[in-house]
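Q: got a predicted structure here, sequence first:
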Amino acid sequence: MKGILLRFKSSLAWALAAAALLVVCILVAPKDKEMQEGQIVLFKLNPDDAREIRVEFPGSDMPEIRAKYREKHEWMMERPVADEADYQVMERIAGYFSTLVSPKGWDADSAEAAEMGPARLKISVMFADGTQHWVEVGNKTASGFRVYAKTSAREGVFEVSKAVWDAAYRPLAEYRDKCLFSVDYFDLAEMMITYSASGTSLAVKKDGDDWEFISPYKAKGDSKILFQLAYDIDRMRITEFLDPARAGELGLEKPAVRVVLKSATEGEADSEALFAFKDSDGKRTWYAKAVGRGAVGVLRDQDLDKIFNFKDRFRFRERRVFASVIGALGEVEVEGDFQGRNISFMVTKDQFKKWRMTKPQLRSVDEYKWGDLVNESLTNLKAEDFVVEEPSPEDLKSFGLQSPPLRITLRTSIEQTGGVKTLKTEFGTQDPKKGIVYARTDGKGPVFTVPLAFLEKFEGGFLRYLNRSMNPHSWENVHKLKFEVPGGELVIEKSGTEQMWQITSPGKGGVVAATDVKQLMQTSFDKVAKYYAIAPYDEAEYGLDKPIITVTLFYTDRDKEREDVIHLSSKGPAGDVIYARYRKGDFRDMGDLVFGLGKSVVERILKLMENK
C-alpha cells in the first residue's frame, strides 16, 4: 500500500508539475501565430484596410491629427485643418502600426514596464471591418533603437521599433500634402502656363514622349525641355504653410504665373496653382496657392525664376530642324544651287546599313565626312529664330522661299519606321552679315532662320563627300606599272621574286626594289586631297590636256587583265597639291573626276625614272 501510495504521490507530483507547466505555457507563451521568428506579434493587420488614423501627442501642445482614407491612396485631413494629407506619411504610419512586433514584453506592474513613463504618442487606427486598435508610445529604451509601448492587442508593456515613433511624431506641416498639383507627370495630358506680366499663355499637350503646342502657336515642342518643365512643376513643394487669408497680401489674387494641368484620365478634374513673388533686400520669395484645396504657402529653395523663365519665347519649342526623322534616317537628297553652283545629289543607306551615293551616279562616300554631316550637322541643326508664324505669299517672296534655290529632303528608313516618312526643308535668302539663311519646312508652318555656316557643309556639292581612298584595286594585284613623261617612259613588272620588280622598258634592264614600288604607290596614291570637278570640264583649265606624267596600272581582277590610267597635271589649286584624274578604267567612283594629289608624287616618279 505504501508503495502504491508512493507511486501515486509520485505520479501526482508529476501530474501537478505537468499541469503547472501547462498553465505557465498558456499564460506566458503567445497564442497561436503570435510568435514570428522569435518576435511577439502585437498586430498582424492589412495596412491597406486602414480607413481612419488619429494621432495624439499627450503632454504636448501639438494638435491632434485626424485623417480619413478617401480613395486611390488619398487621405483627407479633418483635424486640425481640413486639407489633403500627405499619403506617404499616412501609409507609413498604417504600415508600421499594422505589423507591430516586439522582441520582449513585461507585466504592466513590473519594474521594467515602469521605464516606459507616461505616454507621449498615441496612434489609433480604424480598419475597413470597423475594428479599432491603438498603441501608446513612451520613452526610448537604453539602446535608443526601440521605444516602450502599450497596445490594445494585449496587456503589458513591450519594446517595439522606434520606426513607429518616427513615422508619427512630426509637426502638423509634415502631415499636410505639400504637393501643389493632384495631376502628376505620368498622367499629364495638357499643361497651360499664363504669365500675367506679358499676357502670354503657353499651352502644350503631351502624347507619349512627344509634346505639341496648342498656343501661342502650332508647333512641335522640345520634348526634353518640356519634360523637364513638367517634371519641375510636378516636384514643386510647399515648404511652409501660411494662412489662406493672406493670399491677397501675398499677391496671389493677381498672380504672376498661373499653371493648369489637365489629366489624361477621363473624368479627372483639372489641377491649378497660382504663383506670386515678393522681392526684399535683393532676395526673391515665391508663394503659391493650390486652388482646388485652398492651401497657401512658401516655396523655398526651388528655382522658380528659372522654371518659369519665358524671356526666351522659343525656349520650349522644338528647334531641331530634322528632329522628326533624324533618328531613323535612310536617305538625304540635296536639290538646287549654292554659291552659284548646282550641288544636287542623293545619298542612301543600303540594305547593309552602309551609306552610298545614288545620284548623280552610284558612288561610295567618305564615311568619316558623311558621318560627321549626319551625326553632327543634321542632327544638331537648330532654328535660331522664328520670324513669321503664318507667312503670306509676300513674306515668302521677301525671304526667298517662294521659289527656294535649295532644298534638303530627309527620308526615313522603311525598315525602321514601317513606311517612308519625308521631311523637306527649303532654304531661301542668305544674309552673310547676320550669318543666317531663311528656311521653312514642308512648305508650311513658320519661316525660321538657321546659321549660314550649315549650308557651307554643302560647298562643292557631292564632291565634298565622295570616298577619298585612291586604292580601287589591291596593290597586290598590280603586276605591271608604266610611267610616261614627254620624251620617255619607264615600265616595271613583277619578277619571279617578291623582292624585286624588273625594268622592261627602256631596254637597259635592271631592277627596282619591291619595297620602293609599294611605298611609292601606297603613300603617293593613298588618298585624294580633294575633288574639284566632274565631267564635262575644261581639260586645259586643270592642265590635264597635256599631263606631265601618265601612270598606267596593269592588274588582274576576277581572272581578267585590266588597266587603269592616271594623269598627273603640272597645275594645282595651291600649295602642295596637283590636279589628277583617272583617264580610263573601270574604277567608276573616280573615272570622270578631277581630284587633288600631293605634289610629291611627281617628284617621286621623276626621281625613280632618272635613277633608272
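A: Alright, I've got the coordinates. Small disclaimer: the values here were computed from a predicted structure and weren't measured.
Q: and the strands in the stretch 451-600 of the chain, which stretches?
A: Residue ranges of the strands in the stretch 451-600 of the chain, as given by DSSP state E, counting those that start in this stretch, are 478-485, 488-494, 500-505, 511-513, 530-534, 549-557, 560-568, 577-584, 593-598.
Q: what about residue 321, neighbour count?
A: Neighbour count of residue 321, defined by other CB atoms under 10 Å: 22. C-beta coordinates here come from the backbone N, C-alpha and C atoms, glycine included.
Q: actually residue 171, not the one I wrote
A: 11.
Q: what separation do you get for the residue nearest to it when sequence neighbours are not counted and residue 175?
A: Closest residue to residue 171 apart from its sequence neighbours, by CB to CB, 6 or more residues apart in numbering: residue 62 at 6.9 Å. According to CB to CB, to the nearest Å, residue 62 stands 10 Å off from residue 175.
Q: give me the more crowded residue out of these two.
A: It is residue 175, of residue 62 and residue 175, that has more neighbours when counted by other CB under 10 Å, with 24 against 16.
Q: for the more buried one, report the pLDDT, please.
A: pLDDT recorded at residue 175 is 92.
Q: list the contacts for it?
A: For residue 175, the contact set (CB atoms under 8 Å, 6 or more residues apart in numbering) comprises 55, 65, 67, 77, 85-86, 89-90.
Q: mind doing that once more with 6 Å?
A: Shown in contact with residue 175 (CB atoms under 6 Å, 6 or more residues apart in numbering): 65, 85, 89.
Q: JSON lines for those residues, including secondary structure, distance to residue 538 and pLDDT?
A: Formatted as JSON lines, the contacts of residue 175 follow (DSSP: H, G, I helix; E, B strand; the rest coil; distance: CB to CB, whole Å; pLDDT from 0 to 100):
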{"residue": "65", "secondary structure": "strand", "distance to residue 538": "93", "pLDDT": "94"}
{"residue": "85", "secondary structure": "strand", "distance to residue 538": "86", "pLDDT": "92"}
{"residue": "89", "secondary structure": "helix", "distance to residue 538": "84", "pLDDT": "94"}
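Q: go through the residues you listed and give me the one with the most neighbours.
A: residue 65 (27 neighbours).
Q: out of everything not next to it in sequence, what's closest to that residue?
A: In space, residue 65 is closest to residue 55, 4.2 Å off (CB to CB, 6+ apart).
Q: neighbours around residue 365, how many?
A: Using other CB under 10 Å, the number of residues around residue 365 comes to 22.
Q: wait, it sits on residue 355?
A: Yes: under the criterion of CB atoms under 6 Å, residue 365 makes contact with residue 355 at 5.3 Å.
Q: flag the shaky bits of this structure, pLDDT-wise.
A: Low-confidence segments of the chain, defined by pLDDT under 70: 1-38, 198, 310-313, 415-418, 471-475, 508, 584-591, 612.
Q: helices along that one, start to end?
A: Taking DSSP state H as the test, the helices found in the chain are 2-28, 87-98, 163-168, 172-175, 223-234, 304-307, 367-372, 379-380, 393-398, 414-417, 514-519, 600-611.
Q: ok, the residue most central in space within the chain to residue 183 distance?
A: By CA atoms, centre = their mean, the chain has its centre lying nearest to residue 224, at 7.0 Å. Distance, residue 224 to residue 183, by CB to CB: 21 Å.
Q: which neighbours do residue 365 and residue 355 have in common?
A: With CB under 6 Å, 6+ apart as the test, residue 365 and residue 355 both reach residue 347.
Q: how many neighbours does residue 140 have?
A: So residue 140, with other CB under 10 Å, has 15 neighbours.
Q: burial count for the closest residue to it other than its chain neighbours?
A: Sequence neighbours aside, residue 147 is the residue nearest to residue 140 in space, at 5.4 Å (criterion: CB to CB, 6+ apart). Using other CB under 10 Å, residue 147 has 23 neighbouring residues.
Q: quick one: residues contacting residue 147.
A: Residues near residue 147 by CB under 6 Å, 6+ apart: 137, 140, 162, 165.
Q: same list, those, but as CSV with distance to residue 49 please.
A: Shown next, in CSV, are these (distance: CB to CB, whole Å):
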residue, distance to residue 49
137, 22
140, 30
162, 25
165, 23
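Q: ranking these by neighbours, who comes first?
A: Going by other CB under 10 Å, residue 137 tops the contacts of residue 147 with 23 neighbours.
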